[in-house]
Structures are given as structure tokens and as C-alpha cells.
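> Generate coordinates for the sequence data below:
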Amino acid sequence: MRVIGADGSQLGIMSLQDALDAAREEGLDLVEVAPNADPPVCKIMDYGKFRYQQSKRSQEAKKKQTVIQVKEVKLRPKTDDHDIQTKLRHIRRFLAQKDKAKVTVIFRGREIAFKDRGEMVLQKVLDELKDEVVVEMPPKMEGRNLVMILAPKS
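Residues are numbered from 1 along each chain as shown. Sure, this is the predicted structure:
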């Protein structure tokens, strides 16, 4: 195996026993850094410190990663213009927070016969937001609901 010293210097290729002896001499541990390399690479270091640094790195990566949620706004085919404007403000707020918005038109009872009204409501929403959104999923029937998913423009 290829062995790297505690100071980062190359100690060369040596057997496992020789590498363990060198690590014991320095009072440190022998840690396998790259097991898939040919030959495998090991480093003489303090293993506790190595684990601590790795956990810190993973915590930093977690902080930088963003979780995108899908927020839902529900409408009906008979929803009035003023109510649609209120829902549009909600959608804009969701998009400003970098979340996706799921716009659902719910059909109850015999309203299912007027799918075109539901499509008109979704088209109204889309016309208002056309500069601010990307349509991730165009309007589609899912059971008794007409669903569309909007994502913020990057």
C-alpha cells in the first residue's frame, strides 16, 4: 500500500506491517484514505481528528443544500376574480421563497362536467404569472382535480 506521512510527505509503497509500525512510532493511527486506488492509499493521522473533520464537512454541505417544497393552492371552477388575485399573491410568495406551487382546481359533484371552466381558471393564473414561472407540469386531470405545477424562474 502507498503510505502518506502525518506531515503530508510520501513515505512510498510498503507492507501493512511496516505502515502500522511507522504509525505506532509517531503515536498516530493508520487510516485508509483511498481503498479503490491501485495500490490502496493510507495516511498516518489522528483518526478521531479525521472523523471530526469529516462530520464538520458533511454539516457544511447540509447547510448549503436547499430543500424545495411543493406548496398547494386550491381553487374551484366558480372562483371569483378577486379570490383568484388573492391566491396569486400566495403563489407569488411561494415562488419568492424558491418553492414550487401546485395549483389545483377541485371539481365537486356535477361540476366535473365543466372541465373547460377549470382550464380557464388555470389559464387565468398562468397568464398573470407567465413572466415569473416555468410550467413544470401542464394542467392534467387527476381524479376529480385539475392539477398544474409551477416552478420559479431561475
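
> List the contacts of Cys28.
Rather than Cys, residue 28 is Leu. Listed by C-beta atoms under 8 Å, 6 or more residues apart in numbering, the contact partners of Leu28 are Ala6, Ile44, Met45, Asp46. Heads up, the C-betas are built off the backbone N, CA and C, glycines and all.

> Can I have the buried ones of those as a PyMOL selection?
Buried members of the contacts of Leu28, defined by 16 or more other C-beta atoms under 10 Å, are picked up in PyMOL with:
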select buried, resi 44+45
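
> just checking, which of the contacts of Leu28 belong to strands?
Ile44, Met45 (DSSP state E).

> Disregarding residues adjacent in the polypeptide, which is nearest to Ala23?
Leu30 (4.2 Å; C-beta to C-beta, 6 or more residues apart in numbering).

> Look up which residues are beta-bridged to the one you found.
Ile44 (DSSP bridges).

> Could you check the pLDDT of it?
On pLDDT, Leu30 comes in at 90.

> thought it was touching Asp18?
No - if you go by C-beta atoms under 8 Å, Leu30 and Asp18 don't touch, sitting 10.3 Å apart.

> higher neighbour count, these two?
Leu30 (19 against 14; other C-beta atoms under 10 Å).

> show me what contacts that one?
Val3, Ala19, Leu20, Ala22, Ala23, Cys42, Lys43, Ile44.
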